[in-house]
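Trainee: Test case, fold it:
(chains A and B)
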Amino acid sequence: MGNRKKKIEISHLKVSYDQKQALNDISLDIYENEILAIIGPAQSGKTTLLKVINRTIEFVPGAKVEGTVKIDGENVRGMKSVYELRRRIGMVFPLPVGLPLSIYDNVAFAPRTAGMSRRAELDELVEKCLRQAALWDEVKDRLDSLGTRLSGGQQQRLTIARALSHQPEILCLDEFSIAVDPVTTMRIEDVLKELRLQITIILVTNLVQQARRLADRTAFLLNGDLIEIDSNEVIFSGSPANKITYDYVSGIFG
Amino acid sequence: MARQQDANIVNSNPHLPGPDTGSFQNPASRNAILFTETPLARRKRLAENMAKGLFLLMTLLIVIPLILIVFYLFYKASPVLSLDFLLTNPARGMRAGGIWAAFLGTIYLVLISLLVSAPIGVLAAVYLNEYARDNWLTRIINLAVVNLAGVPSIVHALFGVGAFVLFARMGRSILAASLTLAIMTLPVIIAATKEALGAVPMAFREACWNVGATRWQTIRRIVLPNSISGILTGIILQVSRAAGETAPIMFTGAVFYKAISEGDIFAYGLFDQCMALSMHLFTISTQVPNVPEAIPYGTAVVLLGTVLLVNLLAIALRVYLRSRKKW
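Mentor: Sure thing, here's the model as predicted:
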């Protein structure tokens, strides 16, 4: 693991909202083509970390960021085009958001904003993304109906399809399985395992078992501190470096 | 109850009418016993009915006078109402003829003022709601907008005299009066547009930003299509205000009497003075003696009818756009 290429390097990252500290001096590296799980209770700064990576933190009033986040060695804050950066990262947040457009347009939205307009290319891409999100079979006959009319679980898969539609190098999933039934969750997890061959995946999850099943490495955040990050063999071995980590993953607290 | 069940068991063939089966198979009669109204339920039901009745009464209190006013106006105006009344100029010192000059003047004023205020207002609201950061400057601007919306129209008139008639040397003209009306309607259009934009859920915007859409792409593809019905409603409601106000145009461009060529919709130029329905109604009912009673009422009917027509258009447009709303 040690000599693999670093995709994201986070060093001494501190984030505060007004007076409240959300992340205290976090440093961690994320390797190419791995699934990194981030676990931790509420208010531990997991979502904040994702927002710093794609710079949507800039939309949060009162947020202050110190430290650096580098993707492929390039500081995200120094990047010329923030839109280019966001296109390299797919984001899925816990509550599904179907845009008030047709199912097709929901998925084609991102490629279109990036300038893709040929119908054949779009058709192919939309189908590919919907298949990857395990939604294609359910919606292939009604691509023109509204995305907002889908059920919660379907909308969440639509959100995942949209996050894949701009062919990101990094996919961030924040509690994606909250609104999805267990069977579909397993199907999406299978997709993630395949996707890992091509892209880097950051998986924020409350389900310790999901982190254990899916991830190569797991990071444990607590109240804005990085308690421990290590390979799953170590974290779930029963003897991680930190006692609190052991307590959390074995269900003694949290 | 136990006795009834026993009877049913004894009567093993259900198709044979036993002595008790009738009452046993009728659930309604059992419910009547189980759900006798308690005193609390009775009070709740009475309170509910009273509240409903009160609200209905208040609603009727609004609607009835409105209907009465409209009918009274039509009744009083009936002697003069005709297409000729609309299409001829006033004659014999306002005591005869029609209201063509005033009708056309009002249409000019309303159209030009909205052509100015609607684009500026909508674009400014988009900036304030979608782009502006929350700092002291935008807070002052928002405060100013809210306060301007509450300023009496006569104050807008004085501003119009100072800014357009005198400073910009437009003189008393349709242009100066329209711009004054535009200034008057602008804050309300901004407020209504901001309201409509604010009703679009933030999650939609975030979803767009997360896939790399710019703010403008987000606004054009998601925010505006989903707020357009509210924005249009806000704009069109200002038509009635611009058409009905007398004070802002009195000193800036509207005149007591001006003859124009009848039936020609291009009869006014931008720098002409004009007549207007609201002002005409005011002058013939207060300044001119011995005007036949039907003429002011006819003028009022035309003013009301124009405004109602525009409002009906607004409602139709809104219903159409709502039907296409997507969440």
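
Trainee: doesn't residue B:252 make contact with residue B:176?
Mentor: Yes: counting by Cβ atoms under 8 Å, residue B:176 does reach residue B:252; the two are 4.6 Å apart. Placement of C-beta: from N, CA and C, glycine included.

Trainee: Would you mind listing the residues touching both of these two?
Mentor: B:160, B:164, B:165 (Cβ atoms under 8 Å, 6 or more residues apart in numbering or on different chains).

Trainee: how many neighbours does the last one have?
Mentor: Per other Cβ atoms under 10 Å in any protein chain shown, the neighbour tally for residue B:165 reads 22.

Trainee: what's the distance between it and residue B:180?
Mentor: Distance from residue B:165 to residue B:180, counting by Cβ to Cβ, to the nearest Å: 9 Å.

Trainee: shared neighbours, those two?
Mentor: Listed as contacting both residue B:165 and residue B:180 by Cβ under 8 Å, 6+ apart are B:252, B:253.

Trainee: Give the helix, strand or coil label for residue A:24.
Mentor: Here residue A:24 is strand, with the state taken from DSSP: H, G, I helix; E, B strand; the rest coil.

Trainee: just checking, it touches residue A:225?
Mentor: Yes: with contact defined as Cβ under 8 Å, residue A:24 reaches residue A:225; the gap is 5.4 Å.

Trainee: tell me the phi and psi of the residue positioned nearest the centre of chain A?
Mentor: By Cα atoms, centre = their mean, chain A has its centre lying nearest to residue A:172, at 1.3 Å. Main-chain dihedrals, residue A:172, degrees, to the nearest 10: phi -110, psi 120.

Trainee: same check, this time on residue B:96
Mentor: phi -150, psi -180.

Trainee: Any idea what it is bridged to?
Mentor: Counting by DSSP bridges, residue B:96 is bridged to residue B:91.

Trainee: Report how many residues lie close to it.
Mentor: 13.

Trainee: Could you save the shared contacts of residue B:176 and residue B:252 as a markdown table and add columns showing secondary structure, distance to residue A:240 and pLDDT?
Mentor: Below are the shared contacts of residue B:176 and residue B:252 laid out as a markdown table (DSSP: H, G, I helix; E, B strand; the rest coil; distance: Cβ to Cβ, whole Å; pLDDT from 0 to 100):
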| residue | secondary structure | distance to residue A:240 | pLDDT |
| --- | --- | --- | --- |
| B:160 | helix | 75 | 93 |
| B:164 | helix | 76 | 93 |
| B:165 | helix | 80 | 93 |
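
Trainee: Now render those residues as CSV, adding distance to residue A:29.
Mentor: Formatted as CSV, the shared contacts of residue B:176 and residue B:252 follow (distance: Cβ to Cβ, whole Å):
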residue, distance to residue A:29
B:160, 66
B:164, 65
B:165, 70
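
Trainee: Chain A: which of those residues is nearest?
Mentor: Set against chain A, the nearest of these by Cβ to the nearest Cβ is residue B:160 (38.1 Å).

Trainee: Check the gap between the closest one and residue B:255 for me.
Mentor: Going from residue B:160 to residue B:255 by Cβ to Cβ gives 15 Å.

Trainee: give the contact list for the residue nearest the centre of chain B.
Mentor: Nearest to the mean C-alpha position of chain B, by Cα atoms, centre = their mean, lies residue B:237 at 4.0 Å. By Cβ under 8 Å, 6+ apart, residue B:237 lies in contact with B:188, B:192, B:311, B:314.

Trainee: next one: residue B:112
Mentor: Taking Cβ under 8 Å, 6+ apart, we find residue B:112 in contact with B:174, B:175, B:178, B:182, B:270.

Trainee: And the pLDDT for the fourth one?
Mentor: If I follow you right, that is residue B:182. What the model reports as pLDDT for residue B:182 is 95.

Trainee: Show me what counts as buried in the strand or helix carrying it.
Mentor: Take DSSP states H and E as the rule and residue B:182 turns out to sit in helix B:174-198. If you call a residue buried by 16 or more other Cβ atoms under 10 Å in any protein chain shown, then helix B:174-198 has these buried ones: B:174-197.

Trainee: same thing with stretch B:145-161?
Mentor: Buried residues in stretch B:145-161 (16+ other Cβ under 10 Å): B:145, B:148, B:149, B:153, B:156, B:157, B:159, B:160, B:161.

Trainee: and if you look at stretch A:110-118?
Mentor: Residues A:110, A:111, A:112, A:113, A:114 are the ones in stretch A:110-118 that count as buried (16+ other Cβ under 10 Å).

Trainee: Also stretch A:10-24?
Mentor: A:10, A:13, A:15, A:16, A:22, A:23.

Trainee: can you redo these as a markdown table with pLDDT?
Mentor: Putting these into a markdown table (pLDDT from 0 to 100) gives the following:
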| residue | pLDDT |
| --- | --- |
| A:10 | 92 |
| A:13 | 92 |
| A:15 | 92 |
| A:16 | 91 |
| A:22 | 90 |
| A:23 | 91 |
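
Trainee: And those residues, which two are furthest apart?
Mentor: A:10 and A:16 (16.1 Å; Cβ to Cβ).

Trainee: Who are the packing partners of the lengthiest helix in chain B?
Mentor: In chain B, taking DSSP state H as the definition, the longest helix is helix B:39-77. When contacts are defined as 3 or more Cβ pairs under 8 Å, 6 or more residues apart in numbering or on different chains; DSSP states H and E, helix B:39-77 packs onto helix B:294-323.

Trainee: Which stretches in the stretch 201-327 of chain B count as helices?
Mentor: Along the stretch 201-327 of chain B, counting by DSSP state H, counting those that start in this stretch, helices occupy B:202-210, B:215-218, B:224-244, B:247-250, B:277-286, B:294-323.

Trainee: which helices and strands does the second one pack with?
Mentor: The reference is to helix B:215-218. Using 3+ Cβ pairs under 8 Å, 6+ apart: helix B:215-218 touches helix B:202-210.

Trainee: What residues of the helix it packs on count as buried?
Mentor: Within helix B:202-210, the residues that count as buried by 16+ other Cβ under 10 Å are B:204, B:205, B:206, B:207, B:208, B:209, B:210.

Trainee: Same check on stretch A:131-138?
Mentor: A:132, A:133, A:134, A:135, A:136, A:138.

Trainee: Residue A:187 is in contact with the second one, correct?
Mentor: Spelled out, that is residue A:133. No: between residue A:133 and residue A:187 there is no contact under Cβ under 8 Å: 9.1 Å.
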